[in-house]
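>>> Let's see this in three dimensions:
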Amino acid sequence: MPVAALPSARLATEVGRTGLLAAPLVLGHVSTGLIGFVDSVIAGHHGTATLAAVSVGTALFWLPMMVPMGTLMSLPPAVSQLDGSGRRDEIGALFRQALWLALGLGLALFAFLSVAGLALEPMGIAPGIRDGARDFLHGIRWGVPALTFYLCMRYLCDGLHWTLPTMLFGFGGLVLLVPLGFALTYGVGGMPGRGAGGLGVASALMMWAQALAFMLYLRRARRFAGLRLFARWDAPQWVPIRSLLHTGLPIGVTVAMEGGLFITTALLIGRLGEVPVAAHQIAINVASLCYMIPLGLAEATTVRVGHAVGRGDPSAVRRAAWAGFIIVLGTQALSALALLLGNQVVVGFYTGDAQVAALAAALLLYAAAFQFPDGIQVIAAGALRGLRDTRVPMLIAAFAYWGVGMPLGAVLGLGVGGLTPAMGPRGMWLGLIGGLCVASVLMGWRFWRSSRDRHLRALLPVATTLPG
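Numbers count the residues shown, from 1 in each chain. Below is the predicted model:
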């Protein structure tokens, strides 16, 4: 349905509501992105080798973390639909089952990170980077269960249209990480510095502080008293957990497909040496900060669409989605402009190494080029999650990112057996642009198809069949 066919007054109201809901989410995500900024700045001033090690370690941490993070994204639309259909009394039981799912996912990822360092040599990571990357992984893995619990509590609040805690606890963690990161990386008060490993430990401590503070807030806040979130202990129940997995695993795979494109690019660049890795880490950290804006908007769109589905209102479903698209076009224009005009200034915050700075500034120009396709595809995916349409988007992500983006980046960046010239990091980033462009077209087409009246009429009668 074209946006022109929507009542302009109602659409303007929806844009305002989506913006208010999204603002704390965006700021919360920005705080998460600033954690990567803090890690990169501390590591970059500690040394190029430390920055490169943190880059590889961060990549190996976030690549598998995408799956539990995306899987738990099934909670906001489920909670939002329960809320929209007047079934708030079922939210507490669903949340307790989601905590069991978060625990299982966190323990599985902890086990993975315990052995992930063994893959660094077979992957061809430069020898000077391996020890630091392994130390970073061994430190940060202790915070993984806390992070999955934190995400579960955060997504509960998001589904209930209460996004302020995401912002507050996000920036609270950032405030804690700065002194912890400096102390454990450089050493303080006679305690020796631990380099990249110290940053991993500092990140884990911050994750536990965030999770415990969030739990205390949920237990004491009057806003959540009626939900009885911690009123009783429930054993794991397969039916609601299976329903969350049914919706969430495709989301997790989709998120991992996109995130994996960026992360695998970092690992491939890790074969090229310290300067390309350090430059890529700076550029990808800045690009990730820009991505936090459409990501927060997409989560708000998911909640607004899910709430409209719960009410059984097809026109509200479309208004919620188009509001997200309208806002994201404006925010991505600003991001692209900032990257084009301020790339050299931004890079100066990270490093004083002239070689690293020059390459990082050049890569930020490529980041400017993919701001629009990145924003469009993430909003479309968020709207589809609100419709609980997750399986086809997963297939789209697989094709766009791994059928187009990664092969294109590998060929352009690394060359093919001497037959084609290797462009290095620049070629890999051209692959990122190609994958995101294909994803934006296909995700947008899928939403246009799913938002037509006959598809929504088929969805709405069964939309309230939720876990619990």
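>>> So what does the closest residue to residue 280 other than its chain neighbours have for phi and psi?
Leaving aside its chain neighbours, residue 280 sits nearest to residue 269 (4.8 Å; criterion: CB to CB, 6 or more residues apart in numbering). From N, CA and C alone the C-beta is placed, and that goes for glycine too. Residue 269 has phi and psi values of phi -70, psi -30 when expressed as degrees, to the nearest 10.
>>> residues contacting residue 269?
Counting by CB atoms under 8 Å, 6 or more residues apart in numbering, residue 269 makes contact with 276, 277, 280, 413, 424, 425, 428.
>>> any idea how far residue 70 is from it?
24 Å (CB to CB, to the nearest Å).
>>> do the same with residue 127
Remark: distance between residue 127 and residue 70 (CB to CB) = 33 Å.
>>> Who has more neighbours out of those two?
residue 70 (25 against 8; other CB atoms under 10 Å).
>>> okay, among the contacts of residue 269, which ones form the most distant pair?
277 and 413 (12.9 Å; CB to CB).
>>> If you count surrounding residues, which of the two has more?
Neighbour tally, residue 277 and residue 413, criterion other CB under 10 Å: the higher count belongs to residue 277, 29 against 22.
>>> Can you read off the backbone torsions of that one?
phi -60, psi -50.
>>> Go ahead and confirm it touches residue 52.
Yes. With contacts counted by CB atoms under 8 Å, residue 277 reaches residue 52, the gap being 4.1 Å.
>>> Can you check the pLDDT for residue 265?
Residue 265 carries a pLDDT value of 80.
>>> Sticking with it, tell me its helix or strand.
helix 238-269 (DSSP states H and E).
>>> For that helix, buried residues please.
240-241, 243-245, 247-269 (16 or more other CB atoms under 10 Å).
>>> Of the contacts of residue 269, which is the most crowded?
residue 428 (31 neighbours).
>>> So what does the residue nearest to that one when sequence neighbours are not counted look like in phi/psi?
Nearest in space to residue 428, with sequence neighbours left out and distances taken as CB to CB, 6+ apart, is residue 413 at 3.7 Å. Per-residue torsions, residue 413: phi -80, psi -40 (degrees, to the nearest 10).
>>> residues in contact with residue 413?
265, 268, 269, 422, 423, 424, 425, 426, 427, 428, 430, 431.
>>> Also residue 106?
Applying CB under 8 Å, 6+ apart, the residues near residue 106 are 68, 144, 145, 146, 147, 148, 149.
>>> just residue 399 next, same as before
438, 442.
>>> Could you check how far it is from residue 441?
11 Å.
>>> mind listing what residue 141 touches?
Residues counted as contacts of residue 141 (CB under 8 Å, 6+ apart) are 61, 109, 110, 113, 114, 200, 204.
>>> out of those, which is most surrounded?
Result: residue 200 is most packed of the contacts of residue 141 (other CB under 10 Å), 33 neighbours.
>>> which helices and strands sit right next to the helix or strand containing residue 81?
Following DSSP H and E, one finds residue 81 within helix 75-84. With contacts defined as 3 or more CB pairs under 8 Å, 6 or more residues apart in numbering; DSSP states H and E, the packing partners of helix 75-84 are helix 91-116, helix 144-159, helix 238-269, helix 274-311, helix 371-386.
>>> right, so of those helices, which gets closest to residue 27?
helix 274-311 (7.6 Å).
>>> Please spell out which residues along the following helix or strand past that closest one are buried.
Proceeding N to C from helix 274-311, the next assigned helix or strand is helix 314-348, under DSSP H and E. Residues 314, 316-328, 331-332, 335-336, 338-339, 343, 346-347 are the ones in helix 314-348 that count as buried (16+ other CB under 10 Å).
>>> Return the distance of helix 314-348 from the chain's centre.
A distance of 16 Å separates the centroid of the chain from that of helix 314-348, by CA atoms, centre = their mean, to the nearest Å.
>>> what's the answer for stretch 9-16, then?
27 Å.
>>> Could you tell me the per-residue confidence at residue 93?
On pLDDT, residue 93 comes in at 90.
>>> With residue 100 as the reference, measure out to it.
For residue 93, the distance to residue 100 - CB to CB - is 11 Å.
>>> Residue 277 now?
Distance, residue 277 to residue 100, using CB to CB: 38 Å.
>>> By mean pLDDT, flag the weakest helix or strand of the chain.
helix 453-459 (a mean of 60; mean pLDDT, DSSP states H and E).
>>> Just name the closest of the contacts of residue 269 to residue 119, please.
Closest to residue 119, out of all of the contacts of residue 269 and judged by CB to CB, is residue 277, at 16.3 Å.
>>> Return the per-residue confidence for that closest one.
pLDDT, residue 277: 81.
>>> Then the one 10 residues further on?
Per-residue confidence for residue 287 comes out at a pLDDT of 87.
>>> Residue 35 is nearest to which of the helices and strands packed on helix 75-84?
Residue 35 lies closest to helix 274-311 among the helices and strands packed on helix 75-84, at 9.9 Å (CB to CB).
>>> For residue 271, give me its contacts.
Taking CB under 8 Å, 6+ apart as the test, what residue 271 contacts is 123, 124, 125, 126, 414.
>>> Same list, those residues, but as TSV with neighbour count, pLDDT and distance to residue 170 please.
Shown next, in TSV, are the contacts of residue 271 (neighbours: other CB atoms under 10 Å; pLDDT from 0 to 100; distance: CB to CB, whole Å):
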residue	neighbour count	pLDDT	distance to residue 170
123	14	77	32
124	11	78	35
125	22	80	31
126	19	78	33
414	18	80	36
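>>> Sort out which of the residues you listed are in helices and list them.
Among those, the members found in helices (DSSP state H) are residue 414.
>>> just to revisit the earlier point, avg pLDDT for the helix holding residue 81?
84.
>>> which other residues reach that helix?
Outside helix 75-84, the residues touching it (CB under 8 Å, 6+ apart) are 88, 90-91, 94-95, 98, 152, 155-156, 158-161, 243-244, 247-248, 299, 302-303, 305-311, 385-386, 388, 463-464, 466-468.
>>> report the angle between the axes of that helix and helix 238-269?
Using axes from the mean of the first three to the mean of the last three CA atoms, to 10 degrees, the inter-axis angle of helix 75-84 relative to helix 238-269 is 140 degrees.
>>> No more questions from me, cheers.
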